[in-house]
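>>> predicted structure and sequence below. I'll ask about it afterward.
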Amino acid sequence: MKTNDGKKIILLLCILILAVIAVAVAIIQIENRVEGNESHNSSYMGAIDYQRRHETVYINGEPYTPRKGVSSVLVIGVDTLGKAVGSDSYNNSEKADFLALIVFDDKNEKYTVLQINRDTMGDVPMLDIAGKEMGKLYTQLAIAHTYGDGLVSSCKNTVKAVSDYLYGVEIDNYISVTMDAVSRLNDCVGGVTVTVDDDMTAVDPSFVKGTTVTLLGDKALAYVRARGAMEDSSNLARMERQKKYLAAFVEKLADMNVTDTFLLSAYDQIAEYSVTNCDTSFISALSRKIGTYSYAGAISPKGDAQVGEKYMEFYADEEDLINILIELFYDRTQEPTEN
């Protein structure tokens with residue numbers, strides 16, 4: 001294999017895996033406009049002492065330092081079908097209908113998916129007609145993708161909004177995918193086989209409770225999106241189904257003889273449906289980590305969903321969010337000494 005071809009193959013594999021992780025784990029936000037996190041236990045603490053001093057972060061008066069060897073990729077699911085197409089202006093009609101930050105931890109050799117509710121309220125940068133920031137709007141994080149060209153500038157704006165929401169956590173890279181990528185990615189591995197745990201015949205006649213089915217084509221998207229007209233229509237039930245789908249997909253991919261031809265075909269299927277800034281060096285590192293690190297699962301902060309004046313508003317439990325950030329990005333340390 002030529003060197004350039006090798007780099008391209010690595011890129012294709014990682015784009016495929018990253019996009020599938022995002023779609024399989026985080027698409028639960030789609031069509032979820034009224035219900036919040038069922039695990040309501042919000043104990044909003046107001047202003048937590050969270051400030052940077054040099055490289056030390058103080059949380060509740062305790063010092064922490066950024067964990068070395070942590071990198072991340074923000075995966076953005078755009079609420080549109082078809083190919084990723086740009087806009088002529090810096091104010092388009094697309095929204096980030098799901099957001100997932102994949103965090104790679106070299107120290108603990110694992111990667112985790114941090115799910116972020118698309119309805120989460122935060123400061124979103126607004127762009128003028130020239131693409132320059134002209135202030136911030138307190139609104140859903142999903143709106144961040146609306147400000148931009150629908151491609152690179154929208155992704156960058158979303159990255160900034162999410163980073164600000166996460167108290168300035170640095171986000172290294174991004175990849176966005178449209179909804180049509182779900183079925184295409186699923187079919188790239190010849191379909192994913194799952195056991196139907198609920199009566200889902202209202203969604204598809206073949207989704208009979210207790211049966212094992214191989215999801216192909218649009219059935220994959222229907223399976224991961226389904227919620228209403230089921231025995232258990234809760235968001236938690238759908239989240240559990242997403243996790244099982246992801247595990248089945250990863251297992252299927254691991255058992256395959258992944259050839260250059262397969263990867264090139266996979267890329268051909270999703271290239272026009274995605275936007276990314278991942279370069280070959282970053283992708284090469286992720287390729288190794290995905291192949292050797294353990295998948296620690298998906299987590300998301302608790303919180304409350306409220307019906308706002310214009311749309312649903314989700315407010316994360318600040319204490320829970322801070323604890324998640326500590327787990328993913330920081331290590332407890334000693335007080336820095338003065339020189």
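Nice, I can see it.
>>> isn't L286 up against D106?
No - here L286 does not reach D106: they are 11.4 Å apart, not a contact under CB atoms under 8 Å. For glycine as for every other residue, the C-beta is placed from the backbone atoms N, C-alpha and C.
>>> shared neighbours, those two?
Counting by CB atoms under 8 Å, 6 or more residues apart in numbering, the contacts common to L286 and D106 are S71.
>>> more crowded one of the two?
L286 (26 against 15; other CB atoms under 10 Å).
>>> wasn't the more buried one part of a helix?
Yes - under DSSP: H, G, I helix; E, B strand; the rest coil, L286 falls within a helix.
>>> show the pLDDT at it.
Predicted confidence (pLDDT) for L286: 71.
>>> any weak-confidence spans in the stretch 1-150 of the chain?
1-54, 89 (pLDDT under 70).
>>> recalculate using a threshold of 50.
1-14, 21-22, 24-54 (pLDDT under 50).
>>> what about the helices in it?
Applying DSSP state H, counting those that start in this stretch to the stretch 1-150 of the chain gives helices spanning 3-26.
>>> where exactly do the strands run in it?
50-53, 56-59, 62-66, 70-78, 96-105, 110-116, 121-127, 133-140 (DSSP state E, counting those that start in this stretch).
>>> dig out what Y64 forms beta bridges with.
Judged by DSSP bridges, the bridge partners of Y64 are V57, R332.
>>> okay, now it: neighbour count?
18.
>>> what does A181 give?
A181, neighbours per other CB under 10 Å, totals 27.
>>> and it, how far from T214?
19 Å (CB to CB, to the nearest Å).
>>> name the nearest residue to L99, ignoring sequence neighbours.
I116 (4.1 Å; CB to CB, 6 or more residues apart in numbering).
>>> run a quick neighbour tally on the one you found.
Counted with other CB under 10 Å, I116 comes out at 25.
>>> confirm for me that it is in contact with L141.
Yes - here I116 reaches L141: they are 6.7 Å apart, a contact under CB under 8 Å.
>>> what touches both of these two?
By CB under 8 Å, 6+ apart, the residues touching both I116 and L141 are 99, 162, 165.
>>> so can I have CSV of the residues you listed showing neighbour count and distance to E133?
CSV is the format used below for those (neighbours: other CB atoms under 10 Å; distance: CB to CB, whole Å):
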residue, neighbour count, distance to E133
L99, 26, 20
V162, 24, 16
Y165, 20, 16
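>>> tell me which of those residues is nearest to M230?
Nearest to M230 out of these is L99 (CB to CB; 25.0 Å).
>>> hang on, the earlier thing: for the shared contacts of I116 and L141, which one is nearest A296?
Among the shared contacts of I116 and L141, L99 lies closest to A296 (CB to CB), at 18.2 Å.
>>> tell me how far the closest one lies from D187.
For L99, the distance to D187 equals 25 Å [CB to CB].
>>> K110: how many residues sit nearby?
Residues near K110, counting by other CB under 10 Å: 15.
>>> so it sits against S294, correct?
Yes - if you go by CB under 8 Å, K110 and S294 touch, sitting 4.7 Å apart.
>>> how about T193, nearest residue that isn't a chain neighbour?
T214 (4.7 Å).
>>> apologies, that question was intended for Y330.
Nearest to Y330 is Y64, by CB to CB, 6+ apart, at 4.0 Å.
>>> now do the contacts for S176.
75-78, 84, 96, 145, 154-155, 158, 274-276.
>>> residues in contact with the residue nearest to Y330?
Y64 touches 56-58, 326, 330-333, counting by CB under 8 Å, 6+ apart.
>>> got these as a markdown table, with distance to V224 and neighbour count columns?
Conversion of the contacts of Y64 to a markdown table gives the following (distance: CB to CB, whole Å; neighbours: other CB atoms under 10 Å):
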| residue | distance to V224 | neighbour count |
| --- | --- | --- |
| T56 | 41 | 16 |
| V57 | 36 | 23 |
| Y58 | 40 | 15 |
| I326 | 30 | 16 |
| Y330 | 32 | 19 |
| D331 | 35 | 12 |
| R332 | 37 | 10 |
| T333 | 40 | 14 |
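>>> and which of those is nearest F282?
Among these, and counting by CB to CB, the member closest to F282 is Y330, at 22.2 Å.
>>> could you verify my assumption that the closest one touches R67?
Yes - assessed by CB under 8 Å, Y330 is found in contact with R67 at 5.8 Å.
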